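> Give me coordinates for this.
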Amino acid sequence: MDPVLECVWRDDHGWWWLQVQRSGDGWELEAGSPYGSETIPFAGPDEVRRLARTLLALPTEPEPYEVEWELSGPEVDAAGQRQPTGATLHIGLSRHDGHRPYLAYQSYYSTTLGPALGLEVFCDDAPVDALRPQAQALLTLLQES
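Residues are numbered from 1 along each chain as shown. Take a look at the predicted model:
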């Protein structure tokens, strides 16, 4: 799938990314790291719109700001691959680091012993100037569908 909205960065370990993309008739969030990647569906287009509006609303001046999503998905996808049963996505401005923008993703899986942490992807100093036009284009695309 071609991403509609993406935040991609590289560190000493390799490439990391968070991408919003179409998946069949729906939308999904793909999180990736040098160690692997996974996808989790959005509940529907309203949730994707909320994400785009949150990115557009990121303050340009230092101030407290954080929005959180709880995403849930099936334990196994249509191809029989194990997927996270839930994830948390945060978008905000760091309170402790000069109010730099960030996106943070943490997934979890259901196990017989209870929930287990999955992939963690943290986009520190997110490229807001690149994300805002992508968010606006995403809202336009969602109005057309």
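
> Please count neighbours and contacts with C-alpha atoms only from this point.
OK.

> Can you show me the CA trace of the lengthiest helix in the chain as CSV?
As assigned by DSSP state H, the longest helix anywhere in the chain is helix 128-144. Extracted as CSV, the C-alpha positions of helix 128-144 are listed here (Å, rounded to 0.1, in the frame of the first residue of the first chain):
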residue,chain,number,x,y,z
VAL,A,128,5.5,18.8,11.5
ASP,A,129,6.1,21.0,8.4
ALA,A,130,5.9,17.8,6.3
LEU,A,131,3.1,16.2,8.2
ARG,A,132,0.6,19.1,8.1
PRO,A,133,0.2,19.1,4.3
GLN,A,134,-0.1,15.3,4.3
ALA,A,135,-2.8,15.6,7.0
GLN,A,136,-4.7,18.2,4.9
ALA,A,137,-4.4,16.0,1.8
LEU,A,138,-5.7,13.0,3.9
LEU,A,139,-8.8,15.1,5.0
THR,A,140,-9.5,16.0,1.4
LEU,A,141,-9.2,12.3,0.3
LEU,A,142,-11.6,11.3,3.1
GLN,A,143,-14.1,13.9,2.0
GLU,A,144,-14.1,12.5,-1.5
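
> average pLDDT for that helix?
Mean per-residue pLDDT for helix 128-144: 91.

> Begin at 37, not 1, for the rest of this chat.
That works, and once the first residue is 37, the last one we named lands at helix 164-180.

> which helices and strands sit right next to it?
Counting contacts by 3 or more Cα pairs under 8 Å, 6 or more residues apart in numbering; DSSP states H and E, helix 164-180 is packed against strand 39-47, helix 81-92.

> looking at these, which has the lowest confidence?
For the helices and strands packed on helix 164-180, where the average pLDDT is lowest is strand 39-47, sitting at a mean of 88.

> what angle do it and helix 81-92 make?
With axes from the mean of the first three to the mean of the last three Cα atoms, to 10 degrees defining the directions, strand 39-47 sits at 50 degrees from helix 81-92.

> any idea of the angle strand 39-47 forms with helix 164-180?
160 degrees.

> Show me what strand 39-47 is packed up against.
strand 50-59, helix 164-180.

> Distance to His135 and mean neighbour count added to those, as CSV?
Shown next, in CSV, are these (distance: least, Cα to Cα, whole Å; neighbours: other Cα atoms under 10 Å):
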stretch, distance to His135, mean neighbour count
strand 50-59, 20, 18
helix 164-180, 13, 15
